[in-house]
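Asker: next comes the sequence, and after it the predicted model I'd like to discuss.
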Amino acid sequence: MTRIRIGSAPDSWGVWFPEDPRQVPWPRFLDEVAESGYEWIELGPYGYLPTDPGLLADEL
């Protein structure tokens, strides 16, 4: 049986630039993605999510 996996990305939450005070903060984005049931995400624009690999792994 084939399994379809659906993910999301920061741009689905209106994130287009790494820093914009009007967009959703990255911790809220990750919380909402998880609460929505997504198991996969794209990282979005470089610098939006933490760029430190250890911190990013912990947050994901």
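Answerer: Looks like it came in fine.
Asker: so residue 38 touches residue 10, yeah?
Answerer: No. The pair residue 38 / residue 10 is not scored as a contact, 11.8 Å apart, by Cβ atoms under 8 Å. (Glycine included, C-beta is placed from N, CA and C.)
Asker: neighbour count: the two, which is higher?
Answerer: The neighbour comparison of residue 38 against residue 10 (other Cβ atoms under 10 Å) goes to residue 10, with 23 against 16.
Asker: not including adjacent chain positions, what is the nearest residue to that one?
Answerer: residue 44 (3.1 Å; Cβ to Cβ, 6 or more residues apart in numbering).
Asker: thought that neighbour was touching residue 15?
Answerer: Yes. If you go by Cβ under 8 Å, residue 44 and residue 15 touch, sitting 5.5 Å apart.
Asker: that's a helix at the residue nearest to residue 10, yeah?
Answerer: No. Going by DSSP: H, G, I helix; E, B strand; the rest coil, the assignment for residue 44 is coil, not a helix.
Asker: what segments of this structure are helices?
Answerer: Counting by DSSP state H, the chain has helices at residues 26-35, 53-59.
Asker: follow-up on the earlier one: report the contact partners of the residue nearest to residue 10.
Answerer: Contacts for residue 44 (Cβ atoms under 8 Å, 6 or more residues apart in numbering) come out as 9, 10, 11, 15.
Asker: repeat that for 10 Å
Answerer: 8, 9, 10, 11, 12, 13, 15, 16, 17, 18, 26, 29 (Cβ atoms under 10 Å, 6 or more residues apart in numbering).
Asker: could you turn the buried ones of those into a ChimeraX selection?
Answerer: Of the contacts of residue 44, the buried ones go into a single ChimeraX selection, burial set by 16 or more other Cβ atoms under 10 Å:
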select :8,9,10,15,26,29
